[in-house]
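1. the following block contains a protein sequence and its predicted model.
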Amino acid sequence: MVVPLSVEDVLPRLRRATRPPAVVVGLCTHGLANVRSLARQGIPVVALETNWAQPSAATRYGYKVGVSALEGPPLHQALDRIAEASPRKPVLYVTNDRMVRDLNRDQAHWRERFHLLFPEQALLRELIEKDTLAPLAERQGLRLPRSWSVAGAEVRGEAPSAALDSIPFPCIAKPVTPMSAIKVLRPPTREALAAATRHHPEIDRYIVQEWIPGDDESVHFTAYYFDASGNVRWPFAGQKIRQVPRTLGNSTAARGVDRPDLLEEGLRLFEGLGYRGVASVEFKLAPDGTPYFIEATVGRSDFWLKTLIVNGVDLPALVYGDLTGEPVTAPDRQRNRYAWVDGDRDGPVFVESIFDGAYPRARLLRHVLEPKRFALFDWSDLAPYLAWWGPMLRNTFAAVARRLRRPSARPTSA
């Protein structure tokens, strides 16, 4: 296991740095993509993490600093010490919504000390909370699945609900608050929804949405960077190949696609709002091709980041160069050459697809044959990939064993 440095160990190195440092909070595969991109430009990178057993933490890049939590006082104290020691203002990259919400509460403080990838505080709050995002998206002219805001007690079956009386099942249900114990559900019945949420009384409100038919490949995303003048830089359109859980979750494999229409559609969400920083928009295409807005990621990148990097848009380095004025040599134009695969999470999902008799065999063959780049693999940084093999084999064998024990159970793919 990696033995991290302390914050105090790193401070003398930052004081000697000739370029502004970059600070990456979280060293999951998504954080690793940020760290590799920045370090290869000769940028001093500090990676803050709590979980040093994950394969991505084995990277040779960056100063790896241990903290006891990636939000709240432990994170805040580490960030303040790093900012104080840095001769020039660092750039801050965070990797999940909990971090974004945490730092946004005192955005003015952090903006004085770091270059942030955030829009202004009130706009960020409106975009990151699901119960305010949906009305905003509707006002901006995007198509949304029919949605209802439903109290947690109603969802759990503890109180009557006129909203649930009118909702067709199956549907989509997700907590209003990001990073909750439940991410997203697709219950086939009202009873199944109550059963799935009954043990989470801490979740006080859900967004319940109409289900748009379609499998993983019907989900597309668009990513953007808005510079200090509001100009859109380095737009990218992508398509999910697989996600976990299937039909509902985060990308485990994705590719770039030529969809200027979706790039334009995604920009409607931000039109006239004065947005600055990094953002992405996710759509699900109905069977007739109509794009429905699903969600937005704001103030940070997500698991789609490596898809951009392997297809010609090295976003972390480009953003660093724009915010600091430092020269970087990084590709900036989308070229759809590779599928990106997060092998750390994709193996079991791919196994499910093989066992799903409804999954098109031609599509599986295409996935096998298309050129790929893997999240952890890198010739110049092999340690994360080597550390991944043991957990990957255990997870894949476990997935195969589960499927063999339940040969008639098939995950829904439409």
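-> Nice, I can see it.
2. where does the stretch 101-250 of the chain dip in pLDDT?
-> Confidence mapping of the stretch 101-250 of the chain against pLDDT under 70 gives zero matching residues.
3. now the strands for it?
-> 147-151, 171-175, 205-210, 219-226, 232-244, 250-256 (DSSP state E, counting those that start in this stretch).
4. now distance to Asn311 and mean neighbour count too, for those, in a markdown table please.
-> C-beta: built from backbone N, CA, C; applies to glycine. Output for these, formatted as a markdown table (distance: least, C-beta to C-beta, whole Å; neighbours: other C-beta atoms under 10 Å):
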| stretch | distance to Asn311 | mean neighbour count |
| --- | --- | --- |
| strand 147-151 | 32 | 17 |
| strand 171-175 | 29 | 22 |
| strand 205-210 | 30 | 21 |
| strand 219-226 | 11 | 23 |
| strand 232-244 | 7 | 21 |
| strand 250-256 | 4 | 24 |
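5. output stretch 18-31 as PDB - backbone C-alpha positions only.
-> As requested, the backbone C-alpha atoms of stretch 18-31 are provided in PDB (Å, rounded to 0.1, in the frame of the first residue of the first chain):
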ATOM      1  CA  THR A  18       8.500  27.800 -10.200                       C
ATOM      2  CA  ARG A  19       5.000  27.100 -11.500                       C
ATOM      3  CA  PRO A  20       1.600  27.400  -9.700                       C
ATOM      4  CA  PRO A  21       0.700  24.000  -8.200                       C
ATOM      5  CA  ALA A  22      -2.400  22.000  -9.000                       C
ATOM      6  CA  VAL A  23      -4.300  20.300  -6.200                       C
ATOM      7  CA  VAL A  24      -6.400  17.300  -7.000                       C
ATOM      8  CA  VAL A  25      -8.900  16.200  -4.300                       C
ATOM      9  CA  GLY A  26      -9.500  12.500  -4.600                       C
ATOM     10  CA  LEU A  27      -7.300   9.900  -6.400                       C
ATOM     11  CA  CYS A  28     -10.000   7.600  -7.900                       C
ATOM     12  CA  THR A  29      -9.500   6.700 -11.600                       C
ATOM     13  CA  HIS A  30     -11.100  10.100 -12.400                       C
ATOM     14  CA  GLY A  31      -8.600  11.900 -10.100                       C
END
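6. how many neighbours does Val2 have?
-> Other residues near Val2 number 17, with proximity taken as other C-beta atoms under 10 Å.
7. any idea how far Ala387 is from the residue nearest to it when sequence neighbours are not counted?
-> Residue nearest to Val2 in three dimensions, not counting chain neighbours: Trp52, with 4.4 Å by C-beta to C-beta, 6 or more residues apart in numbering. Distance check for Trp52 against Ala387: by C-beta to C-beta, to the nearest Å, it reads 11 Å.
8. the more surrounded of these two?
-> Applying other C-beta under 10 Å to Trp52 and Ala387 shows that Ala387 carries more neighbours, namely 21 against 14.
9. right, and the more buried one touches Ala58 too?
-> Yes. The pair Ala387 / Ala58 is scored as a contact, 4.5 Å apart, by C-beta atoms under 8 Å.
10. which residue, neighbours along the chain excluded, lies closest to the residue of the chain positioned farthest from its centre?
-> Among residues of the chain, the one most distant from the C-alpha centroid is Pro160; the distance is 34.8 Å, by C-alpha atoms, centre = their mean. Here the nearest residue to Pro160 in space, its sequence neighbours aside, is Glu154; by C-beta to C-beta, 6+ apart that works out to 7.2 Å.
11. what's near enough to touch that neighbour?
-> For Glu154, the set of contacting residues under the criterion of C-beta atoms under 8 Å, 6 or more residues apart in numbering consists of Pro160, Ser161, Ala163, Leu164.
12. got the phi/psi numbers for the most centrally placed residue in the chain?
-> The centre of the chain sits closest to Asp302, judged by C-alpha atoms, centre = their mean, with a distance of 2.6 Å. Main-chain dihedrals, Asp302, degrees, to the nearest 10: phi -140, psi -160.
13. ok, now how distant is it from Gly249?
-> The gap separating Asp302 from Gly249 is 12 Å, by C-beta to C-beta.
14. equivalent analysis for Arg259, please.
-> In this view, Arg259 and Gly249 are 21 Å apart by C-beta to C-beta.
15. and this structure, what are its domain boundaries?
-> Structurally, the chain divides into domains by automatic domain parsing as follows: 7-117, 146-210, 216-405.
16. in JSON lines: the ones you listed, plus distance to Lys130.
-> Converted to JSON lines, the domains of the chain look like this (distance: least, C-beta to C-beta, whole Å):
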{"stretch": "domain 7-117", "distance to Lys130": "10"}
{"stretch": "domain 146-210", "distance to Lys130": "5"}
{"stretch": "domain 216-405", "distance to Lys130": "8"}
